[in-house]
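Asker: only geometry, no sequence info:
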């Protein structure tokens, strides 16, 4: 017969049990902390998703990916399940996906193999890489498929009614080339931009433009992404979204949730250190080979987020990540993350700060508000250049802003471009990155300076906030933006915009 404990003995028993539980919790926390330090990570607080994001997510397609990264074979192996709504509102006879990494399979189609970029990206010889599709099923049935010539457009012949939801299951592996680009590995840093297949954008037909070497030819609608990635021990992951890894004996598993984003990118390296800090309610994390560089990126990104929220409205995502990549570009934007070039990090002037400020602005003008980055690249790039002026003014002074406007925008208007390209030209009109930057970024930003003079700074900021809120998670056309600005000005601004965007400047 069990003896009944006295009240005092009961209290002691409960106290001992509580101490045991508390000790177990502390041990688990300590073990996690030690493991995190071993992997070079810092304990961070992950903010909850914004209500606007969660509300929009209920109406979007879903993409779920399970992937394994193997640095020995330089390969990513993945299965991907896509649940898709018909975007056209009509009966379709095919489903079209974009798989941009396929362009890197051939030297003839690789955007990094141009005369301007080859040596910086590949060095002395070309390295092939790209997505190889192993199997594709639609609603559980294997279907045949076809690629276009440069392996960036995947067509599945499927009868798709307007109301029908399709489930696509893809199995594939991605060979990662030795290439310093947004896709490839260099200096131990694996950049995996635009690797995962996305549904082609529907715009009175599937958008299937080529992979240009200049600009950002990527068009896709927002979707809800879940990516589970396994990496070997010692490797850290920078990505769209953020997740602490589940640490195993010789590997780690990251499970990332990114609702209402229009793409998903990864950067992986065993050279990374990281730094994190909050920008109000946004977790900002930077990854770089040098700890101080990561800290500097975090500092500039926090300043930029505060500036742009004050001028253009809230950043709606809970995280923002920056990652060093060994490529010849300054930076590359993706939803909730940007890639920052190693050369910018190594610069001793203000190159890194200016670059981080510009790329952070893309979270407003591209990530939240989509536009046609192929035919209207000015619509996000010139706005990011204009946002940079606000950053300089807010962080430094009004006179510093005036100097930056003169040096970056007014000076660009004085440069003679020998060919008839204008800020409103499509990306395939430009012959090199310098020309593209001078014309689209800087001459394009002259439009926003003219609008600031016309409307006043406060009114223009209010109009841009309205633009961000009205077209968040969608795609705004040039006509959409022109109408919104005209309403703010109380006059038709189409002639002014034509003058700045479509008129060839001669000096």
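Answerer: That came in fine, so what should we check first? Bear in mind the structure is a predicted one, so any value in this text is a computation, not a measurement.

Asker: phi, psi of the spatially most central residue of the chain?
Answerer: When CA atoms, centre = their mean is applied to the chain, the residue found nearest the centroid is residue 334 (0.9 Å). Phi and psi for residue 334, reported as degrees, to the nearest 10, are phi -140, psi 160.

Asker: How about residue 344?
Answerer: Main-chain torsions, residue 344, degrees, to the nearest 10: phi -70, psi -40.

Asker: Need the pLDDT of it.
Answerer: Here the pLDDT value assigned to residue 344 is 97.

Asker: circling back: surely the residue nearest to the centre of the chain is in contact with residue 263?
Answerer: Yes. The pair residue 334 / residue 263 is scored as a contact, 5.8 Å apart, by CB atoms under 8 Å. Heads up, the C-betas are built off the backbone N, CA and C, glycines and all.

Asker: list residues touching both of the two?
Answerer: Common neighbours of residue 334 and residue 263 (criterion: CB atoms under 8 Å, 6 or more residues apart in numbering): residue 240.

Asker: Now do the contacts for residue 482.
Answerer: Residues in contact with residue 482, defined by CB under 8 Å, 6+ apart, are 493-494, 497.

Asker: Closest one of the residues you listed to residue 99?
Answerer: Nearest to residue 99 among the contacts of residue 482: residue 497, at 34.8 Å, using CB to CB.

Asker: backbone phi and psi for the closest one, please?
Answerer: Backbone torsions of residue 497, given as degrees, to the nearest 10, read phi -70, psi -40.

Asker: Can you report how many residues lie near it?
Answerer: For residue 497, the neighbour count with other CB atoms under 10 Å is 21.

Asker: what do you get for residue 182?
Answerer: Close neighbours of residue 182, defined as other CB under 10 Å, add up to 26.

Asker: So for it, what's the nearest residue that isn't a sequence neighbour?
Answerer: Nearest residue to residue 182 in three dimensions, chain neighbours excluded: residue 193, at 3.7 Å (CB to CB, 6 or more residues apart in numbering).

Asker: The one you found: how many residues sit nearby?
Answerer: 25.

Asker: Just list the residues touching residue 110, thanks.
Answerer: Shown in contact with residue 110 (CB under 8 Å, 6+ apart): 103-104, 126, 179.

Asker: Counting neighbours, which of those comes out on top?
Answerer: residue 104 (32 neighbours).

Asker: Surely that one is in a helix?
Answerer: Yes. Under DSSP: H, G, I helix; E, B strand; the rest coil, residue 104 sits within a helix.

Asker: for it, what are its contacts?
Answerer: Applying CB under 8 Å, 6+ apart to residue 104 gives the contacts 110-112, 128-130, 177, 179, 181, 183-184.

Asker: Hmm, the residue nearest to residue 182 is touching residue 333, no?
Answerer: No. Residue 193 is beyond contact range of residue 333, at 9.6 Å (criterion: CB under 8 Å).

Asker: Overlap in contacts, those two.
Answerer: With CB under 8 Å, 6+ apart as the test, residue 193 and residue 333 reach no residue in common.

Asker: any idea how the chain splits into domains?
Answerer: 7-38, 61-221, 378-502 (automatic domain parsing).

Asker: These: which one's closest to residue 51?
Answerer: Nearest of the domains of the chain (CB to CB): domain 378-502, 12.5 Å.

Asker: Off-centre distance for that closest one?
Answerer: Between the centre of domain 378-502 and the centre of its host chain there is 21 Å, according to CA atoms, centre = their mean, to the nearest Å.

Asker: which of the contacts of residue 110 sit farthest apart?
Answerer: 103 and 126 (12.7 Å).

Asker: Show me which of the contacts of residue 110 is closest to residue 350.
Answerer: residue 179 (28.7 Å).

Asker: Just confirm the closest one contacts residue 185, I think it does.
Answerer: Yes. With contact defined as CB under 8 Å, residue 179 counts as touching residue 185 (7.3 Å).

Asker: residue ranges of the helices in this structure, please?
Answerer: Ranges of helices in the chain, per DSSP state H, are 7-38, 51-57, 118-122, 291-312, 342-346, 351-361, 378-395, 398-404, 411-414, 433-436, 444-455, 457-471, 478-489, 494-502.

Asker: got those helices as JSON lines, with distance to residue 147 columns?
Answerer: Putting the helices of the chain into JSON lines (distance: least, CB to CB, whole Å) gives the following:
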{"stretch": "helix 7-38", "distance to residue 147": "42"}
{"stretch": "helix 51-57", "distance to residue 147": "31"}
{"stretch": "helix 118-122", "distance to residue 147": "23"}
{"stretch": "helix 291-312", "distance to residue 147": "38"}
{"stretch": "helix 342-346", "distance to residue 147": "33"}
{"stretch": "helix 351-361", "distance to residue 147": "32"}
{"stretch": "helix 378-395", "distance to residue 147": "29"}
{"stretch": "helix 398-404", "distance to residue 147": "45"}
{"stretch": "helix 411-414", "distance to residue 147": "40"}
{"stretch": "helix 433-436", "distance to residue 147": "28"}
{"stretch": "helix 444-455", "distance to residue 147": "34"}
{"stretch": "helix 457-471", "distance to residue 147": "33"}
{"stretch": "helix 478-489", "distance to residue 147": "31"}
{"stretch": "helix 494-502", "distance to residue 147": "35"}
